[in-house]
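A.B. asks: I would like to see how this sequence folds:
(one chain, ligands or ions: 1)
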Amino acid sequence: MDSNNNTKGVQLTFKNITYRVENKKYKKQLKKQAEAKKKKNDDYENNPNFTDIKVEKELTILNNVSGVIEKGELCALMGPSGSGKSTLLDILAERKTTGKITGKLLINGKEVGEAYKKFCSYVTQEDVLLQTATVFETIKFYADLKLPDMTEEDKVNRVEQVIEDVGLTHRRDAMIGGILPGGIFIKGLSGGEKRRVSIGCGLVTNPSLIFLDEPTSGLDSVTALSVMRTLLDLTKTKGCTIIASIHQPRGEIFELFNKVMVVIKGKMIYSGSNILEYFEQLGYKCPNNMNPADYCLDTAVEIGDGDRYEEICTQWQKTWENEIVNEITQPQIALEKPKAIGLQYQYYYLLKRSWKDLLRNPGNFIARVGTAVVTGLLYGACFAGLKETDKDVQKIIGVIFFLITGLNLTPFAAISIFISQRTLFNAERASKVYHSFPYYLSLVTVEALVVFLVALINAMVCYLLAHLRWDAGSFFFAMLNYFFVHLLSDYLICTLANLTGASDLTFAYGSGLSVVYMLFAGFFVPVQELPKAFGWLHYINPIFYSFVSLMQVQFKDLDLKCVEQTNGNYTIPCQFNNGNEVLMYYGIDEWTAGDSFGIVVLWTVFFFATSYLALHYLNKEKR
Ligand SMILES: Nc1ncnc2c1ncn2[C@@H]1O[C@H](COP(=O)(O)OP(=O)(O)OP(=O)(O)O)[C@@H](O)[C@H]1O
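C.D. replies: A predicted model of the protein is given here:
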């Protein structure tokens, strides 16, 4: 048993919470209002009771909502669909990042500022978990990142205890399972078991306050009851305060709650432990043979649609202000604030997890490296044993261009990884498990390793078989160039994935950009022959600089043998006597290999940065 037994729970009071958002349809609605007014004037005789359409610049989603949840209470947040339950839950858990919020959140009667979030844990409606991790590893990851002061042994004990608390001891080493990025399915936990893992992740820090958004959604009734009983046990054994939004619980689940709060159309109409009695006072008596939860929800819908809605809301507001507020007593419990973990530790744990994920789901890695081997061999076979002769110049340039093109396109295979990891990242970031930067670094570290292997294998196999310029300096500089072409293309795809948040859009924009890059690389059409209107595009084309650098490595000061070809009586004269003439023909003789490679490195840094900024600022969890 935990040493903090029954000391963790807190009292949560929220006062006059109002939430407003911008009305994005404002202009459209104004137009409709004007049209309606015109119609009213034109058609007054037929429609004398016509009322104006109400249009506001801001929408009020929650209006002056207040309540108190005592230490150790299991509280249900109920209401019809769209009434504002999830919004209220998000505000109480301080997860709302959009809109205007006013009102107060008090822990044990005090405003605790920034520290507030550290007392809470939030379990989302969807289970967003890493498919390749086991139950133990998933919960341990949260313990590692959220409990920096604990020894390894204590963390393991805590995780084992949580696994027992959520009833998953028998599934401790089972994989989460599900659909992997790219579509492969691995068998793992059932829906109910995944729900328990998500709850376990929320429990591992021994939080004072736990928020759960629809904890029973998607579960069969037996599993739902079992999950809710687990939560009730936690309130009793650990004193946790738990608030769960819930839609339509079966009778047995409804009875487990110590308190029920009912929100209708953004206003609180009740908060207490005897809702049936309250509804009866209002004139809505629950028939004996009816599930009380169903009855409450039906009644809430009826109240929301009825004429007495405003009256009932006002009556409840008065009860709150005149009675409940005065009865709130503030428990005297010391609030110890959990410490935050350093970025380097976050990076360490994230890298460890990413590495394991790569090893357990090697399909993508094997496919990328395997393709690099096969295409390297095929390039090599087609261009085997090239000679430093005028006759082979076109083939040598072809090898360089094919290698660059292949390495530019291979990162498309990583789109599904970038997109699917984004979902997990969004959920974990919203739960404040780690900062975006160490996450990004761990992602790109593992990617850099794959990129390194692919570039090296692909280019080396081809370079050796085609017998390109044969000295150590040229070989290693060329390899470095191919690695950077591949790395910058990988970061480019990662940027597009983070900008768009969708795999189809990433593919569409990425392939379009690659075509433009190829076209303006100076290979098919030498730069001086590019159309005037678009010729400048090659200056902002990283692939052009890779091409220039590799051409310089291959041809600068290279002697070319002139082997004249004869065709009957006709002799084809040599086009190039040395490599510098080749560079001149392509209009790239004024560049140096170092300068153009430097620009490739700058482009790589640019895409590295844009990819991170897009990850950090865009496509966040939309709540
Ligand atoms: N940022 C926003 N912009 C516009 N409307 C919003 C915004 N946030 C919430 N709403 C609206 O506020 C209402 C309440 O949403 P909320 O998700 O809190 O309801 P809910 O009670 O949890 O519903 P459900 O039970 O169906 O999940 C909905 O009509 C929703 O469309």
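A.B. asks: how about the stretch 451-600 of the chain: which residue is closest to the ligand?
C.D. replies: Gly501 (17.5 Å; C-beta to the nearest ligand atom). Quick note: C-beta positions are derived from backbone N, CA and C, even for glycine.
A.B. asks: what comes into contact with the lowest-mean-pLDDT helix or strand in the chain?
C.D. replies: Of all helical and strand segments in the chain, the minimum by mean pLDDT, DSSP states H and E falls on strand 565-567, at a mean of 74. Residues outside strand 565-567 that contact it (C-beta atoms under 8 Å, 6 or more residues apart in numbering) are Lys391, Thr571, Ile572.
A.B. asks: distance of the residue of the stretch 351-500 of the chain found nearest the ligand relative to Lys96?
C.D. replies: Going by C-beta to the nearest ligand atom, the ligand is nearest to Ala430 of the stretch 351-500 of the chain, at 15.2 Å. Between Ala430 and Lys96 the computed distance is 10 Å (C-beta to C-beta, to the nearest Å).
A.B. asks: quick one, what contacts Tyr317?
C.D. replies: Careful, residue 317 is Gln and not Tyr. By C-beta under 8 Å, 6+ apart, the neighbours of Gln317 are Asn64, Ser66, Met268.
A.B. asks: of the residues you listed - the most surrounded one?
C.D. replies: Counting neighbours by other C-beta atoms under 10 Å, Met268 comes out on top of those with 25 neighbours.
A.B. asks: ramachandran coordinates for the nearest residue to that one once chain neighbours are set aside?
C.D. replies: Closest residue to Met268 apart from its sequence neighbours, by C-beta to C-beta, 6 or more residues apart in numbering: Val65 at 4.7 Å. Main-chain dihedrals, Val65, degrees, to the nearest 10: phi -90, psi 130.
A.B. asks: can you check Tyr19 too?
C.D. replies: phi -130, psi 120.
A.B. asks: quick one: the nearest residue to it once chain neighbours are set aside from the ligand, how far?
C.D. replies: Leaving aside its chain neighbours, Tyr19 sits nearest to Leu62 (4.1 Å; criterion: C-beta to C-beta, 6+ apart). For Leu62, the distance to the ligand equals 8 Å [C-beta to the nearest ligand atom, to the nearest Å].
A.B. asks: again with Glu280
C.D. replies: Counting by C-beta to the nearest ligand atom - Glu280 and the ligand are separated by 24 Å.
A.B. asks: state the pLDDT value of that residue.
C.D. replies: We note a pLDDT of 90 for Glu280 in this prediction.
A.B. asks: flag every residue of this structure that's near the ligand.
C.D. replies: Residues of the chain lying close to the ligand by C-beta under 6 Å from any ligand atom are 21, 59, 61, 79, 81-87, 98-99, 247.
A.B. asks: strands of the stretch 1-150 of the chain, start to end?
C.D. replies: For the stretch 1-150 of the chain, the strands defined by DSSP state E, counting those that start in this stretch cover 12-22, 58-69, 74-78, 100-107, 120-123.
A.B. asks: ok, which of those comes nearest Glu255?
C.D. replies: strand 74-78 (10.6 Å; C-beta to C-beta).
A.B. asks: now do the domain split for this structure, please.
C.D. replies: 12-327, 343-617 (automatic domain parsing).
A.B. asks: lowest mean pLDDT across those domains, which one is that?
C.D. replies: Looking at the domains of the chain, the weakest mean confidence is domain 12-327, a mean of 88.
A.B. asks: next one: that domain to chain centre, how far?
C.D. replies: 22 Å (C-alpha atoms, centre = their mean, to the nearest Å).
A.B. asks: what is the neighbour count of Gly535?
C.D. replies: So Gly535, with other C-beta under 10 Å, has 14 neighbours.
A.B. asks: skipping its backbone neighbours, what lies nearest Lys413 in space?
C.D. replies: Quick fix: residue 413 is Ala, not Lys. Excluding the flanking residues, the one nearest Ala413 by C-beta to C-beta, 6+ apart is Arg368, at 5.3 Å.
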